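Asker: Provide a 3D model corresponding to the input given below.
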Amino acid sequence: MERTLSSVYASMGGLDQGMHQQHRDQTGSFYTPFEVASETVLIAAVRRLCFLYCADPDRVRRCLEKPGSDPQPAEQYFEAMLKWYVVDPAGGDGVFAFAWLSLLENLCHVLEKDPQLLKEAAERTHLFDLQPEPVAHFKHMVASYFNLKPGKLGSYTGNVLDTALLFKSSPVSEVLALGGYDLVVGNPPYIGEKNHKDLFDEAKRYPFGAAHYEKNMDFFYYFIHLGMALLKAGGVMGFITTSYFFTADGAAGLRKAMDQNGSFVDLARFEGGSLFKDAAGQSNVIFHYRRGVQEPCRYVEVPAKSKTTDVTERWRQSSSVIWLNRNQIVSRFGNFYFSMHPGEPLAIEELEAACGKTFGEVFQVRQGIVSGYDRAPEVGVFVLTPEEVLSLGIEEALLAPFYKNSQVKRGKVDLEVKYYILYIPREVEDFETRYPNAYRHLSRFRDKLSKRREVANGVRPWYGLQWPRTAALFEGPKIVVPHRALNNAFAYTDQPFYGSADLYYLTPLVGLEEVKPGNTTNRGGLSQEDLLAVSLILITEIYEFWLSVRGKRKGDVLELYATPLRQMPLPPLERRDASYLKLKTLAVDHYRRFGHLCNDDLRAEAGEVVFNWLGLSEAARTTIYDYFETKQAKPIQKRRKHYE
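Answerer: Residues are numbered from 1 along each chain as shown. Here you go, the predicted structure:
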């Protein structure tokens, strides 16, 4: 077999082969298959050449893949590419650098150019990594192949967030003096801030890390910021990441910076999960971004895994391709959305304009209880089963029924009491003597309870809940929703419904404390019947559409956190017109008869009333119906009748 860079890389083996799962989890390292890296690099090169030569991307790609078919432009592109500076700032075993040099090697061979030309290209291909071993591994392989001294190869070992040092180091300082890198490619580590506080505290020690830090961010966000800083104007960044940063609260600053400093030029979404077999729960994308230029983006949806076709072939062969402009990608809230259906953003805009307000302008959105210690391994602490309550003799005055998020379904709550919570929101006078059994029980865990932040700061007694909220929130009429669901699982209840922070409670902003059992109105003018009507509105397919397209998602799961809930459009409740009164009648009548709103016929009828009420166009309605036909496992029945 002919000796090539790709064969050398394969024969020597990448670092991924010997990596333990524990190391992957701790470092967020999932080394990239060579074929995936090659496709990522090829697209980056194509998009860079398109910018430099005002060329058609399909023609440029054909030239690079089959240079012999059109040698004149292929030679021109090859000569330009030899002079490019290329870097992987999260180098790993150097697979992206190898893929880049392999692309040049193939062009050199087919065009019958002098192989010695590749040596200079190798010196212009740089690798950064925190650990010295991956960098040494890469330099040894490339230097041996090209008969170069390892010192001739550009690299950086150290924390790349220390940009004061990185940007002054060689060869980075020389490249930046020339304008920056032509290509920045890689697969940066995926590490969430949760359980990795020390890593993020270290990052914030550096001015670059502090400037770009956002609460609840992922570590790879730093690498996108770094990529933008390293690129020259018109340069292309090609990264493999998760799609979570499109809508995550902890990526708002990142999205703003990306929108202000350039644009996506190519993005592939991989359906059916992660690109990496050991990266459970990920939803991967590969994006290409150009610095300093606003232009349309080619969006590709890669179908789910096939037993006969590898991921790169599915990527290349996918027929789900569309070009999107900035207005179709960037929402009015600054989130990023990519869709094969360009009518969806227009339908969303029409829906939001018809509503006029957002949910957060009228309703308060609050999380449930944070106890700080729900249960120990063998027994409940604040959250107890009925059997534990009896065996421990916990005083009834301290107990409230406690519900799990799985007990909230679309239109209905399950009121079976499977747990109780020791609801202790504040200091209790003579707690030990008034409630001796509860005191005795909690005393077993006093050391751990005393270490909670609010207790250490003197805000809560050691036996109190960490974040108890207010009893009125749980006791009065409200709409509840789990923080994650496969659909718009909103439900109304006027029964006591205490829950954890994985539940959200929706109540009117004005007169919130007045919403109590037995009251029909509050100072905000919203009655229990209004809350019922709103809960019915929220379970219609219009809102499932909005949350699916404009809200947050992790794969197929809707993330129903505070931000998307507050951003939901809200129809004009104050008008009290005929459509709204009909919705209220539907909701109240059904709830009085059955105690819930969980009924497909009711939901469908309410959906049509909302369509009429908002005056949505036939095009918007069709877009919403089509969305569910193509996206859902069980398509809804189309209703295309003419609306008066």
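Asker: could you chop the chain up by domain?
Answerer: Annotated domains of the chain cover 5-340, 342-368+476-644, 370-468 [automatic domain parsing].
Asker: any chance of a markdown table for these, columns mean pLDDT and mean neighbour count?
Answerer: C-beta coordinates here come from the backbone N, C-alpha and C atoms, glycine included. Shown next, in a markdown table, are these (pLDDT from 0 to 100; neighbours: other CB atoms under 10 Å):
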| stretch | mean pLDDT | mean neighbour count |
| --- | --- | --- |
| domain 5-340 | 89 | 18 |
| domain 342-368+476-644 | 85 | 18 |
| domain 370-468 | 96 | 16 |
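Asker: quick one: contacts for the residue nearest the centre of the chain?
Answerer: Closest residue to the average C-alpha location of the chain: Tyr244 at 1.5 Å, with CA atoms, centre = their mean. By CB atoms under 8 Å, 6 or more residues apart in numbering, Tyr244 lies in contact with 218, 251, 283, 554.
Asker: chain center to the longest helix seen in the chain: distance?
Answerer: Longest helix in the chain, counting residues (DSSP state H): helix 34-53. Put simply, helix 34-53 sits 25 Å off its chain's centre (CA atoms, centre = their mean, to the nearest Å).
Asker: with stretch 429-442 instead?
Answerer: Stretch 429-442 sits 44 Å away from the centroid of its parent chain (CA atoms, centre = their mean).
Asker: got the CA positions of it in CSV?
Answerer: Presented in CSV, the C-alpha positions along stretch 429-442 are these (Å, rounded to 0.1, in the frame of the first residue of the first chain):
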residue,chain,number,x,y,z
GLU,A,429,-39.4,28.8,67.6
ASP,A,430,-38.8,25.8,70.0
PHE,A,431,-38.4,23.5,67.0
GLU,A,432,-36.9,20.7,69.1
THR,A,433,-39.7,20.6,71.6
ARG,A,434,-42.6,21.3,69.3
TYR,A,435,-41.6,18.8,66.7
PRO,A,436,-39.4,16.3,68.4
ASN,A,437,-39.7,13.5,65.8
ALA,A,438,-38.8,15.8,62.9
TYR,A,439,-36.0,17.2,64.9
ARG,A,440,-34.6,13.8,65.8
HIS,A,441,-34.8,12.7,62.1
LEU,A,442,-33.1,15.7,60.7
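Asker: list the contacts of it.
Answerer: So stretch 429-442 is contacted by 381, 392-395, 397-398, 422, 424, 428, 449, 461-463 (CB under 8 Å, 6+ apart).
Asker: how does it look with 7 Å?
Answerer: Stretch 429-442 is contacted from outside by 392-395, 398, 422, 428, 449, 463, using CB atoms under 7 Å, 6 or more residues apart in numbering.
Asker: assign the residue located most distally from the centre of the chain to helix, strand or coil.
Answerer: In the chain, the residue that sits farthest from the middle, by CA atoms, centre = their mean, is Thr433; the gap is 49.3 Å. In three-state terms, and counting by DSSP: H, G, I helix; E, B strand; the rest coil, Thr433 is helix.
Asker: check which helix or strand covers the closest residue to Glu193 other than its chain neighbours.
Answerer: Here the nearest residue to Glu193 in space, its sequence neighbours aside, is Phe200; by CB to CB, 6 or more residues apart in numbering that works out to 5.2 Å. Using DSSP states H and E, Phe200 sits in helix 197-203.
Asker: which outside residues touch that helix?
Answerer: Helix 197-203 has contacts (CB under 7 Å, 6+ apart) with 161, 191, 193, 209, 213, 219, 222.
Asker: out of these, the closest to Ser548 would be?
Answerer: Closest to Ser548 out of the contacts of helix 197-203 is Glu193 (26.4 Å), distances taken as CB to CB.
Asker: correct me if wrong: that closest one contacts Met217.
Answerer: Yes: between Glu193 and Met217 there is a contact at 6.0 Å, judged by CB atoms under 7 Å.
Asker: how about the longest strand seen in the chain as CSV, C-alpha atoms only?
Answerer: For the chain, the strand with the greatest residue count under DSSP state E is strand 231-242. Coordinates of each C-alpha in strand 231-242 appear next as CSV, following Å, rounded to 0.1, in the frame of the first residue of the first chain:
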residue,chain,number,x,y,z
LEU,A,231,-9.1,34.1,12.4
LYS,A,232,-8.2,36.7,9.8
ALA,A,233,-11.1,38.5,8.1
GLY,A,234,-12.7,36.1,5.7
GLY,A,235,-11.1,33.1,7.5
VAL,A,236,-13.2,30.1,8.3
MET,A,237,-13.7,28.3,11.6
GLY,A,238,-14.9,24.6,11.4
PHE,A,239,-15.8,23.1,14.8
ILE,A,240,-17.6,20.0,16.0
THR,A,241,-19.8,20.9,19.0
THR,A,242,-23.2,20.2,20.5
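Asker: quick check: Leu104 touching Glu120?
Answerer: No: counting by CB under 7 Å, Glu120 is not a contact partner of Leu104; they are 10.4 Å apart.
Asker: any common contacting residues for those two?
Answerer: Leu82.
Asker: using PDB, write out every CA atom in the helix or strand Leu103 falls within.
Answerer: Using DSSP H and E, Leu103 falls within helix 95-110. In PDB, the C-alpha atoms belonging to helix 95-110 read as follows (Å, rounded to 0.1, in the frame of the first residue of the first chain):
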ATOM      1  CA  VAL A  95      -6.400  14.500  13.400                       C
ATOM      2  CA  PHE A  96      -7.600  17.800  11.900                       C
ATOM      3  CA  ALA A  97      -4.000  18.800  11.100                       C
ATOM      4  CA  PHE A  98      -3.400  15.400   9.500                       C
ATOM      5  CA  ALA A  99      -6.700  15.700   7.500                       C
ATOM      6  CA  TRP A 100      -5.600  19.200   6.300                       C
ATOM      7  CA  LEU A 101      -2.100  18.000   5.200                       C
ATOM      8  CA  SER A 102      -3.700  14.900   3.600                       C
ATOM      9  CA  LEU A 103      -5.900  17.100   1.500                       C
ATOM     10  CA  LEU A 104      -2.900  19.000   0.300                       C
ATOM     11  CA  GLU A 105      -0.900  15.800  -0.300                       C
ATOM     12  CA  ASN A 106      -3.700  14.400  -2.500                       C
ATOM     13  CA  LEU A 107      -3.800  17.600  -4.600                       C
ATOM     14  CA  CYS A 108       0.000  17.600  -4.800                       C
ATOM     15  CA  HIS A 109       0.000  14.000  -6.100                       C
ATOM     16  CA  VAL A 110      -2.800  14.400  -8.700                       C
END
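Asker: between helix 95-110 and the helix or strand hosting Ala143, find me the angle.
Answerer: Per DSSP H and E: Ala143 is located in helix 132-146. Relative orientation of helix 132-146 and helix 95-110, computed by axes from the mean of the first three to the mean of the last three CA atoms, to 10 degrees: 10 degrees.
Asker: and the contacts of helix 132-146?
Answerer: Identification of contacts with helix 132-146 by CB under 7 Å, 6+ apart yields 5, 8-9, 12, 15, 91-94, 97, 118-119, 122, 127, 129, 149-150, 153, 155, 157.
Asker: just stretch 162-177 next, same as before
Answerer: With CB under 7 Å, 6+ apart as the test, stretch 162-177 has contacts from 85, 126, 154, 156, 158, 160, 181, 206-208.
Asker: off-centre distance for that stretch?
Answerer: Taking the mean of its C-alpha atoms, stretch 162-177 sits 31 Å from the chain's own mean (CA atoms, centre = their mean).
Asker: end-to-end on that stretch?
Answerer: For stretch 162-177, the first and last residues are 18 Å from each other (CA to CA, to the nearest Å).
Asker: what's the answer for stretch 388-403, then?
Answerer: 16 Å.
Asker: next: stretch 443-462.
Answerer: End residues of stretch 443-462 are separated by 9 Å (CA to CA).
Asker: which outside residues touch it?
Answerer: By CB under 7 Å, 6+ apart, the surrounding residues in contact with stretch 443-462 are 372-373, 376, 381, 427, 442, 463, 466.
Asker: widest-spaced pair of those?
Answerer: Applying CB to CB across the contacts of stretch 443-462, the maximum distance is between Ala376 and Glu427, 23.2 Å.
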